[in-house]
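Undergrad: Here is my input, please return the structure:
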Amino acid sequence: MKFRCKVTDGVAMKELSNITTGISKLSKECVLRIVPRKLCIIISNDDKGPKKPFVWCELPVNFYFKEFNMFGVAEESNEIYLSVSTAMLARCLNVLKQNVVFIKIKLTNRQTPCLTIEIEQNTESTRSIQRVHDIPVEIILKQYWQDYAEPVFNDFHVSIEMPNLRLVKTIVESMKSMNPTINVSANKYGRLSLQIKTNTVSLSAHYPDLSVQSFAVGSTFLHDDGDNEEELFETVSATVDVKKFLMFLTGMQLHNARTICSIVHNRMVKFYLEQNGSLSLQYYLTQVSL
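TA: Predicted structure coming up:
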């Protein structure tokens, strides 16, 4: 089992730093799934019982890496799964926002398995600085790979493009202090709504005229936030944990990214974030029992 890669492009290095910083805000640990054409970052829920990924992020090899060599556990199972600290990874890669010549990452054995990160950085003088970090990792055995399978769920009742995440984050931050849950709803007319309700206050934020990617034609849903009777029965909603929603908004402040919100009525919300050619990320929030 071998893994070695090299990044030399400045844009790719900055993107890699931004992504790992964002991922570190979602969880203390992640699983790296290494395959020949992409690097996947997986975060599973902390609930007891079978693991279930709620974050699935894919980084295409051809965008980030000038060199990328790996050999998995066997020829027929050419994959590597590593459990790693997101904080340590983000801390090591934070320097990539500075004047870095290249970064090399390889799987090594320093008494314990490690990701060894070598960074060469220019200085104001003619000298360069070389940094080496060893991040301990746990190699996940093949028998547990199934715990980290990509979520496959496409039967959504509505998919709608999100407005600017920074604007949404500001609203959700104010809502978080009032209620532990938030209702996310969307209709086929392009309106996304965020709402909290308590015994003393009801607060809603509405984003109209958004692009609707799909809607479950012929289905009817009952939601009490429509402006008229037609919208009342054509609005899809789910109530989710407001802190987990805010974690996504805080961590994924990436430039030139497009985000789609997909909802299964009264079951789940999925956020799909995409940067053309450099990143795709799925973030699942399940309905909270009220």
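Undergrad: Can you give the distance from stretch 137-155 to the centre of its chain?
TA: With C-alpha atoms, centre = their mean, to the nearest Å as the basis, stretch 137-155 stands 16 Å off its chain's centre.
Undergrad: Same question for stretch 172-189.
TA: Centroid displacement of stretch 172-189 relative to its chain, using C-alpha atoms, centre = their mean, is 19 Å.
Undergrad: Now do the end-to-end distance for it.
TA: End-to-end distance of stretch 172-189 (C-alpha to C-alpha, to the nearest Å): 23 Å.
Undergrad: do you know how far the nearest residue to residue 169 once chain neighbours are set aside is from residue 197?
TA: In this structure, residue 169 finds its nearest non-sequential neighbour in residue 249, 4.0 Å apart by C-beta to C-beta, 6 or more residues apart in numbering. For glycine as for every other residue, the C-beta is placed from the backbone atoms N, C-alpha and C. Distance of residue 249 to residue 197, computed by C-beta to C-beta, to the nearest Å: 20 Å.
Undergrad: So between these two, which is more surrounded?
TA: Shown here are residue 249 and residue 197; by other C-beta atoms under 10 Å, residue 249 has more neighbours (21 against 17).
Undergrad: That one is in what secondary structure piece?
TA: Assigning secondary structure by DSSP states H and E places residue 249 in helix 242-251.
Undergrad: Please work out the average pLDDT along that helix.
TA: Per-residue pLDDT over helix 242-251 has a mean of 93.
Undergrad: same question, stretch 69-79
TA: Here the average pLDDT along stretch 69-79 is 89.
Undergrad: cool, stretch 267-282 as well?
TA: Stretch 267-282 comes out at a mean pLDDT of 93.
Undergrad: residue boundaries of the strands in the stretch 151-290 of the chain?
TA: 158-161, 181-187, 192-197, 202-207, 212-215, 235-241, 258-264, 268-275, 279-286 (DSSP state E, counting those that start in this stretch).
Undergrad: Over to the stretch 1-150 of the chain?
TA: Under DSSP E, counting those that start in this stretch, the stretch 1-150 of the chain gives strands at 2-7, 29-35, 38-44, 53-60, 67-71, 80-85, 100-109, 113-122, 128-139.
Undergrad: buried residues in stretch 187-199?
TA: Neighbour counts over stretch 187-199 (16 or more other C-beta atoms under 10 Å) mark 187, 188, 189, 191, 192, 193, 194, 195, 196, 197 as buried.
Undergrad: now do stretch 2-11
TA: Using 16+ other C-beta under 10 Å as the test for burial, stretch 2-11 gives 3, 4, 5, 6, 7.
Undergrad: residues near residue 241, how many?
TA: Here the count is done by other C-beta under 10 Å, and residue 241 has 16 residues near it.
Undergrad: Enumerate every residue touching it.
TA: Residue 241 makes contact with 180, 181, 182, 285, 288, according to C-beta atoms under 8 Å, 6 or more residues apart in numbering.
Undergrad: Same question for residue 77.
TA: Residue 77 is in contact with residue 142, counting by C-beta under 8 Å, 6+ apart.
Undergrad: And it, how far from residue 111?
TA: Taking C-beta to C-beta, one finds residue 77 at 26 Å from residue 111.
Undergrad: sorry, back to before: out of the strands of the stretch 1-150 of the chain, which is closest to residue 240?
TA: strand 53-60 (11.1 Å; C-beta to C-beta).
Undergrad: in its sheet, what does that closest one sit against?
TA: strand 38-44 (antiparallel), strand 279-286 (antiparallel) (DSSP bridges).
Undergrad: right, so of those, which gets closest to residue 171?
TA: Residue 171 sits nearest to strand 279-286 of all the strands paired with strand 53-60, at 16.6 Å, using C-beta to C-beta.
Undergrad: Return the distance of that closest one from the chain's centre.
TA: 5 Å.
Undergrad: Would you mark the buried spots in it?
TA: Buried positions in strand 279-286, judged by neighbour count with 16+ other C-beta under 10 Å: 279, 280, 281, 282, 283, 284, 285, 286.
Undergrad: Could you do stretch 62-82 as well?
TA: The neighbour-count check on stretch 62-82 (16+ other C-beta under 10 Å) flags 63, 64, 65, 68, 70, 72, 79, 80, 81, 82 as buried.
Undergrad: Surely the third one and residue 7 touch.
TA: Yes. Using C-beta atoms under 8 Å, residue 65 makes contact with residue 7 at a distance of 5.8 Å.
Undergrad: Please name the residues that touch residue 244.
TA: Contacts of residue 244 (C-beta under 8 Å, 6+ apart): residue 285.
Undergrad: Thank you, goodbye.
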